[in-house]
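Asks: Have a look; sequence and predicted model below, questions after that.
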Amino acid sequence: MAIITLLSSHFIEVKAGDSKSTVAATNGTEKKLTFVLVHGSWADTSYFKEVASELRKQGNKVYIPEYAGHGSMKDMKNVTHEQITKSVVDYIKKKDLNNIVLVGHSFGGTVIAKVAEQVPDRINRLVFFNAFVPKDGESLYDQLPPPIQETFSQLAESSNGTIMLPFPLFRDAFANTANLEEAKVLYSKISPEPAGPLFQKLDLKKFYSLQIPKSYLNLTEDTANPQIPDYGWHPVQSSHLGFYRYIEGNGDHFSTVHADPKQIAKKLVKAGRP
Amino acid sequence: MAIITLLSSHFIEVKAGDSKSTVAATNGTEKKLTFVLVHGSWADTSYFKEVASELRKQGNKVYIPEYAGHGSMKDMKNVTHEQITKSVVDYIKKKDLNNIVLVGHSFGGTVIAKVAEQVPDRINRLVFFNAFVPKDGESLYDQLPPPIQETFSQLAESSNGTIMLPFPLFRDAFANTANLEEAKVLYSKISPEPAGPLFQKLDLKKFYSLQIPKSYLNLTEDTANPQIPDYGWHPVQSSHLGFYRYIEGNGDHFSTVHADPKQIAKKLVKAGRP
Amino acid sequence: MAIITLLSSHFIEVKAGDSKSTVAATNGTEKKLTFVLVHGSWADTSYFKEVASELRKQGNKVYIPEYAGHGSMKDMKNVTHEQITKSVVDYIKKKDLNNIVLVGHSFGGTVIAKVAEQVPDRINRLVFFNAFVPKDGESLYDQLPPPIQETFSQLAESSNGTIMLPFPLFRDAFANTANLEEAKVLYSKISPEPAGPLFQKLDLKKFYSLQIPKSYLNLTEDTANPQIPDYGWHPVQSSHLGFYRYIEGNGDHFSTVHADPKQIAKKLVKAGRP
């Protein structure tokens, strides 16, 4: 069974661990980590700007890859999930990053799953941060409750293969703990999201066979993926991971990283450390 | 589809919004709100006294209507849901209140749904605060898990159409985070609740067609509507609303408004603001 | 119906209560309680050491019984659930403890249920603290989701009727909010758990007929019993209790009692007081 296999292999590793480095690490401070932060839909690298700054203050290394169809590449509206994955894989290889804590937020969960298939040996832990975790053969779209599926289908049809969040949806489901002005400022920065990758069925067989440790970070007021019974982030998306470390925080999908980056940085360390 | 329709209409409204008032509102403080707070069963207007005081300190206007079968009208034991709704509608009309944040707590959720049908244009947002949200054609009673239904039926039969909460039920399910003395003081003030309106099937077709924005405020230790799987406030009652803004707090059903009114006021502003 | 019977009997008791002692108790401080704290699997009495110290600082009496197969009796690998129960019952009788708040953590939930059957008159309230609450005729094992059942069965088979938690399982599912060094220190103190009592089907008919008030204390990051849909502590295990007081806290299964004993002591008072 996968859990047993995973556990046994780690168990041996830990038994054989170097107890000196262990003692050093207890010396008052946390071991420093190397984070690669993969943002989600309707976002770009600025999503993690303040959180990265907090993480760096504590001595961690932080990388925020830009990926196809977003940021400076936002005009690539026909982008595929493979191209997005390639952006992140290339970034990691070019910078020769190792011992990574690879964090995926929202749609980014589907990206880090595919990235992990390509560079598993560079990754110490995967952190799914209110992220989608499709089962093998499923798409992000397949994770959504039927009324939201219908909304997304209609939004995609009405704007040539991109999805723009209507402001009221963004304000109440993505920035619910923010005030109106904060929500408007955040909204003014988002671009239509290429719909293709959200609807793409993903072969995740290799991902589900990998023995990389996983964590799930859940902000309890995040309702971007609505907490309708049998849907939602935790415990539905999270439980697709099988065995994982659970960390909980307060906040919503889009505003809390900016309003309370200290909390998010602290939670990411809890989720990402060995 | 209802969500799309709702979203589109709001989207347009926002796009056409006045950016000057927007800038003014960001100026350090929250926009001031007009709250109408509708209490639930076994309560009267004193339920919201401390919370109202906190909200007013921050410059908001707060109104707490008394309604049929409760408070000074508590001898009306054969009160109907229509009479209760009329009390609140009349209150709002008499005071000519507009741009209201209409809050319903517990049973009050069924009241604000029916009030909204009658004065939709006066309401900016509906806030369901650990409130029942019956589906069209259902009663509050229909939302309860079967063992609680049985308890309520028996309590109603044994006391001529009113339901008095036995103290142990009140203490552990309504005032669970309070100490015994606080629970006793709160209990000493409650009166038998007219059972009729709790069992009344409600025509909510119009309510479910309204495009008024909605929020759900959930205190996570509130077990007055027990969190048995497939029952409970959130995400079961809340998800009946379809699209809504979710706000979360700490506390129970009956004591936290008195013990921690600052928190509740803050959460009501988060739930009620535009 | 059980709930009604329970409620009615309490209601009478409360009505007949002594109002003078009531007033005294309100006098600024909480009534002092007598706690008996029953730890869970892979633990011994040191599990509750810091929490006990906090509870005693506030004037409460705290007893932590050692039980068969654990602590100084940890070599009894063929221990039965009956022997464990007897350890706790004997301890309570020998010390002639009364008006007890009997707390069971994790596996300890199954122990306090059986202890309550034998000394019901000595117990004021049962507190299930992230505890298993098997239905009549079920075992602790029966409460686990199938993948964890499989893991436990294999672990038990591979080590002669005891179950040792592999470190990665302990680290991520039992000490998820701790850092690695804290997790290692905690892990270094645990012993293989006798498997028998975890697989024993328990006759709980008498327990479910008892009218002792019950509370459930749930730390929301505790995933030792994974929060897979239809499984987990709350509301699944908790709802087996029928009517109970719900109290919520932050933390995980094994590290928070040591890292934040003040919080846990406070929550145990909230859960255990009358």
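Replies: Sure, I can see it. Numbering: from 1, shown residues only, chains lettered A, B, ... in the order given.

Asks: State the number of residues packed around residue A:124.
Replies: By other C-beta atoms under 10 Å in any protein chain shown, 16 other residues sit near residue A:124. Glycine gets a C-beta too; all of them are placed from N, C-alpha and C.

Asks: what about the nearest residue to it once chain neighbours are set aside, distance to residue A:118?
Replies: Counting by C-beta to C-beta, 6 or more residues apart in numbering or on different chains, the nearest residue to residue A:124 once its immediate chain neighbours are dropped is residue A:99, at 5.0 Å. For residue A:99, the distance to residue A:118 under the criterion C-beta to C-beta, to the nearest Å works out to 17 Å.

Asks: what does residue A:165 give?
Replies: Relative to residue A:118, residue A:165 is positioned 30 Å away (C-beta to C-beta).

Asks: Show me which helix or strand of chain A is least confident by mean pLDDT.
Replies: Of all the helices and strands that make up chain A, helix A:19-26 has the lowest average by mean pLDDT, DSSP states H and E, namely a mean of 38.

Asks: CA atoms of the helix or strand following that one as CSV?
Replies: Per DSSP states H and E, helix A:19-26 leads on to strand A:34-38 as the next helix or strand towards the C-terminus. These are the backbone C-alpha positions of strand A:34-38, laid out as CSV (Å, rounded to 0.1, in the frame of the first residue of the first chain):
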residue,chain,number,x,y,z
THR,A,34,14.0,27.2,0.0
PHE,A,35,10.5,28.1,-1.2
VAL,A,36,9.2,28.1,-4.8
LEU,A,37,5.8,29.7,-4.8
VAL,A,38,3.4,29.0,-7.6
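
Asks: For strand A:34-38, name the packing helices and strands.
Replies: Strand A:34-38 makes packing contacts with helix A:49-57, strand A:61-63, helix A:81-94, strand A:100-105, helix A:108-118 when contacts are defined by 3 or more C-beta pairs under 8 Å, 6 or more residues apart in numbering or on different chains; DSSP states H and E.

Asks: Check which helices and strands the longest one sits against.
Replies: Helices and strands touching helix A:81-94, as assessed by 3+ C-beta pairs under 8 Å, 6+ apart, comprise strand A:34-38, helix A:108-118, helix A:196-199.

Asks: For the residue in the stretch 1-150 of chain A positioned nearest to chain B, grab the count of nearby residues.
Replies: Scanning the stretch 1-150 of chain A for the residue nearest chain B gives residue A:150, at 5.5 Å (criterion: C-beta to the nearest C-beta). Taking other C-beta under 10 Å as the criterion, the count of residues near residue A:150 is 14.

Asks: Show the average pLDDT along the helix or strand encompassing it.
Replies: Taking DSSP H and E as the criterion, residue A:150 maps to helix A:146-157. Averaging the model's pLDDT scores along helix A:146-157 yields 91.

Asks: Next, the buried residues of it.
Replies: Judged by neighbour count using 16 or more other C-beta atoms under 10 Å in any protein chain shown, the buried positions of helix A:146-157 are A:147-148, A:151-156.

Asks: and what of stretch A:249-261?
Replies: Neighbour-count burial for stretch A:249-261, counted by 16+ other C-beta under 10 Å, picks out A:249, A:251-261.

Asks: of the residues you listed, closest to chain C?
Replies: residue A:249 (9.9 Å).

Asks: Quick check: that closest one touching residue A:222?
Replies: No. In this structure residue A:249 lies outside contact range of residue A:222 using C-beta atoms under 8 Å: 9.2 Å.

Asks: Residue A:165 and residue A:118: which has the busier surroundings?
Replies: Between residue A:165 and residue A:118, counting by other C-beta under 10 Å, residue A:165 is the more crowded of the two (23 against 15).

Asks: Please identify the helix or strand for the more buried one.
Replies: Residue A:165 belongs to no helix or strand when elements are defined using DSSP H and E.

Asks: Distance-wise, check residue A:158 relative to residue B:63.
Replies: From residue A:158 over to residue B:63 (counting by C-beta to C-beta), the distance is 41 Å.

Asks: Neighbour count: these two, which is higher?
Replies: Neighbours of residue A:158 and residue B:63, each counted by other C-beta under 10 Å, are more numerous for residue B:63; the result is 19 against 12.

Asks: Burial check on the residue nearest to the more buried one when sequence neighbours are not counted, number of neighbours?
Replies: Residue nearest to residue B:63 in three dimensions, not counting chain neighbours: residue B:36, with 4.8 Å by C-beta to C-beta, 6+ apart. Summarising burial for residue B:36: neighbours were counted as other C-beta under 10 Å, giving 24.

Asks: got the contact list for residue B:36?
Replies: B:63-65, B:88, B:91-92, B:97, B:100-103 (C-beta atoms under 8 Å, 6 or more residues apart in numbering or on different chains).

Asks: returning to that earlier point: now mean pLDDT too, for the helices and strands packed on helix A:81-94, in JSON lines please.
Replies: Below are the helices and strands packed on helix A:81-94 laid out as JSON lines (pLDDT from 0 to 100):
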{"stretch": "strand A:34-38", "mean pLDDT": "98"}
{"stretch": "helix A:108-118", "mean pLDDT": "98"}
{"stretch": "helix A:196-199", "mean pLDDT": "97"}
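
Asks: Would you reformat those as JSON lines and include distance to residue A:190?
Replies: What follows is those, written out as JSON lines (distance: least, C-beta to C-beta, whole Å):
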{"stretch": "strand A:34-38", "distance to residue A:190": "17"}
{"stretch": "helix A:108-118", "distance to residue A:190": "15"}
{"stretch": "helix A:196-199", "distance to residue A:190": "15"}
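
Asks: For stretch A:126-135, output the C-alpha coordinates as CSV.
Replies: Taking only C-alpha atoms (Å, rounded to 0.1, in the frame of the first residue of the first chain), the coordinates of stretch A:126-135 have been written out as CSV:
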residue,chain,number,x,y,z
LEU,A,126,4.9,19.9,-1.8
VAL,A,127,2.6,22.4,-0.1
PHE,A,128,-1.0,22.7,-1.5
PHE,A,129,-2.3,26.0,-0.3
ASN,A,130,-6.1,26.1,-0.7
ALA,A,131,-5.2,24.3,-3.9
PHE,A,132,-6.9,22.0,-6.3
VAL,A,133,-5.8,18.4,-6.2
PRO,A,134,-7.5,16.6,-9.1
LYS,A,135,-7.6,12.9,-9.1
